[in-house]
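Q: Below are the sequence and a predicted model; questions follow.
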Amino acid sequence: MSGILDSVNLRTQMVGQNRLELLLFGLETSQRYGINVFKVREVLQCPELTEVPRLTTSVKGMAHIRGETIPVLDLSEAIGRRAIPADEQRKCFLIVAEYNRRTLAFLVRKVDRIFNTQWDQIMPPPAEIGSENYLTAVFELDGKLVEILDVEQILADLYPMATDVSEDVADKSVREQAQQHHVLIVDDSAVARNQMQRSLESLGLKVTSANNGKQAWDLLRGMADKGIDVEKSFLMVISDIEMPEMDGYTLTAMIREDTRMQRMHVVLHTSLSGGFNVSMVKKVGADGFLAKFNPNDLATVVVNRIGQVRES
């Protein structure tokens, strides 16, 4: 266990090449779950938690960690399972993670190990199970399925986020110009896609969405194969970085290698934290980087791009 706890920060330096590392953990059953190591700041034994008066959600309290007060979320309860009793919490672990500029800790029963794999081995959950769940992807390990939770959906249910764009960012004239443009958004999280789509459509933009890099690439390549000018069809592509089957880095690299679309404006976004994203964005040839999700930041990127097109 100490090897896992000591190595998380070092392992977060791995980027690109359609690869990822997952921290595997368990809740109240033998089912294993995974979280992208990039999202993890550290893993530690659960300290004594400070209770919050009148707290009725799956947030169990606060932990003081390295000079910072961090909310602790019981991940079992958050996904509809049995909550971890207060007298058992000290036997459990905290996965301290950063999502969308928010630091919080997930209370879990056990931490297993770090597993190195490729995004093309990570599959979307079967469509037949419907959309009302907290799964974003699955993969097979030792003959059993490991589930990757849609943490963004879990957090959105706990902390609903506004999607309205300020008039200071996009006034009436900008919104009128936006109606002429079409944006492709790519994200494996349904909640992230919906947040972006609502914000962009509120500007007047037409929006097409794809669930992962492969789906987006198949769409773009299919359009190009039919003789459609892809570069003129879309104002820009806004893509998540961490996605099953094909990540955003690989999608960007493939766009840049195809002469039919290599001048497309591509912005990568992510819930991950850290400067390594910026350097990797430049390496694969993306035009920008956006830490998700903030409707005004998203709108600013799009408004700037509309201005570039108008001036060209």
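A: Received it, and whenever you're ready, just let me know what you need. Numbering: from 1, shown residues only.
Q: Could I get the buried residue list for the helix or strand where Thr252 lies?
A: Thr252 belongs to helix 248-257 when assigned by DSSP states H and E. Within helix 248-257, the residues that count as buried by 16 or more other CB atoms under 10 Å are 248-256. Heads up, the C-betas are built off the backbone N, CA and C, glycines and all.
Q: Stretch 48-63: end-to-end distance?
A: End-to-end distance for stretch 48-63: 7 Å, by CA to CA, to the nearest Å.
Q: So which residues make contact with that stretch?
A: 46-47, 64, 69-75, 77-78, 83-84, 86, 89-90, 94, 105, 107, 158 (CB atoms under 8 Å, 6 or more residues apart in numbering).
Q: Go again with 6 Å.
A: Stretch 48-63 has contacts (CB atoms under 6 Å, 6 or more residues apart in numbering) with 47, 69-74, 77-78, 105, 158.
Q: for stretch 142-161, same thing?
A: Applying CB under 6 Å, 6+ apart, the set of residues contacting stretch 142-161 is 32-34, 57, 78, 99, 134-139, 189, 191-192.
Q: Neighbour-wise, give me the winner out of those.
A: Using other CB atoms under 10 Å as the neighbour test, the contacts of stretch 142-161 are led by Thr136, with 26 neighbours.
Q: Show me how far the biggest helix by length in the chain is from its chain's centre.
A: If you go by DSSP state H, the chain has its longest helix at helix 295-311. Chain-centre distance of helix 295-311: 22 Å, with CA atoms, centre = their mean, to the nearest Å.
Q: can you pull the buried residues of that helix?
A: Quick answer for helix 295-311 (16+ other CB under 10 Å): 295-296, 298-303, 305-306.
Q: Output these as CSV; include the columns pLDDT and distance to Arg19.
A: Putting the buried residues of helix 295-311 into CSV (pLDDT from 0 to 100; distance: CB to CB, whole Å) gives the following:
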residue, pLDDT, distance to Arg19
Pro295, 86, 31
Asn296, 87, 33
Leu298, 89, 27
Ala299, 88, 32
Thr300, 90, 31
Val301, 91, 27
Val302, 91, 30
Val303, 90, 34
Arg305, 93, 30
Ile306, 91, 35
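Q: Among these, which one sits closest to Phe234?
A: Minimum separation from Phe234 among these (CB to CB) is found for Arg305, which lies at 10.5 Å.
Q: related to what we said a few turns ago, make a ChimeraX selection of the buried ones in the contacts of stretch 48-63.
A: ChimeraX command restricting these to the buried ones, with burial defined by 16+ other CB under 10 Å:
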select :70,71,72,73,74,77,78,105
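Q: Just the contacts of stretch 48-63: which are in helices?
A: 77-78, 158.
Q: before we move on, the earlier item: ok, residues contacting the longest helix of the chain?
A: 163, 165-166, 169-170, 174, 177, 199, 235-236, 265, 267, 290.
Q: For those, pick the one with the most neighbours.
A: Highest count within these by other CB under 10 Å belongs to Ser199, 25 neighbours.
Q: For it, which non-adjacent residue is spatially closest?
A: Pro295 (4.2 Å; CB to CB, 6 or more residues apart in numbering).
Q: and if you look at Thr29?
A: Arg81 (8.0 Å).
Q: Please apply the same query to Met196.
A: Nearest to Met196 is Ile185, by CB to CB, 6+ apart, at 5.0 Å.
Q: My guess is the one you found contacts Asn211. True?
A: No. Ile185 is beyond contact range of Asn211, at 10.4 Å (criterion: CB atoms under 6 Å).
Q: okay, the two: which has more neighbours?
A: Under the criterion of other CB under 10 Å, the comparison of Ile185 against Asn211 puts Ile185 first, with 25 against 19.
Q: on that earlier part again, direction included, what does the next helix-or-strand element following the helix holding Thr252 pair against?
A: The helix or strand immediately downstream of helix 248-257 is strand 266-270, counting by DSSP H and E. Neighbouring strands of strand 266-270 in its sheet, by DSSP bridges, are strand 236-240 (parallel), strand 288-291 (parallel).
Q: quick one: average pLDDT of the longest one?
A: Rounded to a whole number, the mean pLDDT of strand 236-240 is 95.
Q: can you give me how far it is from the chain middle?
A: Here strand 236-240 is found 13 Å from its chain centre; the criterion is CA atoms, centre = their mean.
Q: Could I get the CA-only coordinates of stretch 158-172 as CSV?
A: Extracted in CSV, the C-alpha atoms of stretch 158-172 (Å, rounded to 0.1, in the frame of the first residue of the first chain):
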residue,chain,number,x,y,z
LEU,A,158,-24.2,17.7,-5.6
TYR,A,159,-23.1,21.1,-6.7
PRO,A,160,-25.2,22.2,-9.7
MET,A,161,-23.3,24.6,-11.9
ALA,A,162,-24.8,27.6,-13.8
THR,A,163,-24.3,27.6,-17.6
ASP,A,164,-25.4,31.2,-18.3
VAL,A,165,-23.0,33.4,-20.2
SER,A,166,-22.5,36.9,-19.0
GLU,A,167,-23.5,39.8,-21.2
ASP,A,168,-20.1,41.3,-20.5
VAL,A,169,-18.5,38.3,-22.4
ALA,A,170,-21.0,38.2,-25.3
ASP,A,171,-23.2,41.1,-26.2
LYS,A,172,-26.0,41.2,-28.7
